[in-house]
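Undergrad: Mind looking at a prediction? Sequence and model below.
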Amino acid sequence: QVQLVESGGGLVQAGGSLRLSCAASGSMFSINVMGWYRQAPGKQRELVATITRGSSTNYADSVKGRFTISRDNASNMVYLQMNTLKPEDTAVYYCNAVIRLLASPSAYNYWGQGTQVTVSS
C-alpha cells in the first residue's frame with residue numbers, strides 16, 4: 001500500500017520559518033500532482049500549494065510570496081518551505097498526492113496523517 005508521511009511541524013513565533021517534508025512510499029508506478037493542504041480548528045481543509053511532476057506550481061493567495069513548494073521526484077518527496085509565518089497560518093498541514101499504482105491504469109488520491117504547525121504572536 002501507499003503511505004504519505006509528513007514531518008517538520010512545530011511551534012514557531014510569528015515571522016519565523018518552518019520546513020515541512022512529506023515522503024511517499026509503497027507500490028507506486030508514478031506520482032502526479034503533489035500538494036499541501038491545511039485545516040485550522042473549526043474551518044474546512046484548504047489548499048496551500050500544489051506542484052506537478054514537471055514542477056509547475058500553484059499557491060493559495062494567502063501564502064504567495066511566503067511559502068515555496070518543491071519536490072524531488074527521485075526520492076518521492078515533497079517539501080513546503082514556510083517563511084514569514086503568521087498566527088493565521090496555524091493549522092494541521094496535510095500532504096496530498098495523486099498516485100498511479102503498479103499494475104493499475106488508475107490514479108488515486110492519498111493523504112498523510114497531518115502535522116501540526118502553530119505560530120504564536
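TA: All right, it came through fine. Numbers count the residues shown, from 1 in each chain.

Undergrad: where do the strands sit along the chain?
TA: 3-7, 10-13, 18-25, 28-39, 46-51, 57-59, 67-72, 77-82, 91-101, 107-111, 115-120 (DSSP state E).

Undergrad: Let's have the ones you listed in JSON lines, adding mean neighbour count.
TA: Quick note: C-beta positions are derived from backbone N, CA and C, even for glycine. What follows is the strands of the chain, written out as JSON lines (neighbours: other C-beta atoms under 10 Å):
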{"stretch": "strand 3-7", "mean neighbour count": "16"}
{"stretch": "strand 10-13", "mean neighbour count": "13"}
{"stretch": "strand 18-25", "mean neighbour count": "18"}
{"stretch": "strand 28-39", "mean neighbour count": "19"}
{"stretch": "strand 46-51", "mean neighbour count": "19"}
{"stretch": "strand 57-59", "mean neighbour count": "15"}
{"stretch": "strand 67-72", "mean neighbour count": "18"}
{"stretch": "strand 77-82", "mean neighbour count": "21"}
{"stretch": "strand 91-101", "mean neighbour count": "20"}
{"stretch": "strand 107-111", "mean neighbour count": "14"}
{"stretch": "strand 115-120", "mean neighbour count": "17"}
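
Undergrad: so can I have CSV of these showing mean pLDDT?
TA: Putting those into CSV (pLDDT from 0 to 100) gives the following:
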stretch, mean pLDDT
strand 3-7, 96
strand 10-13, 98
strand 18-25, 98
strand 28-39, 96
strand 46-51, 98
strand 57-59, 98
strand 67-72, 98
strand 77-82, 98
strand 91-101, 97
strand 107-111, 96
strand 115-120, 98
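
Undergrad: Relative to Met28, how far out is the residue of the chain positioned farthest from its centre?
TA: In the chain, the residue that sits farthest from the middle, by C-alpha atoms, centre = their mean, is Ala103; the gap is 26.3 Å. Here Ala103 is placed at a distance of 11 Å from Met28 (C-beta to C-beta, to the nearest Å).

Undergrad: Can you get me the start-to-end distance on stretch 76-85?
TA: As for stretch 76-85, its first-to-last residue distance stands at 26 Å under the measure C-alpha to C-alpha, to the nearest Å.
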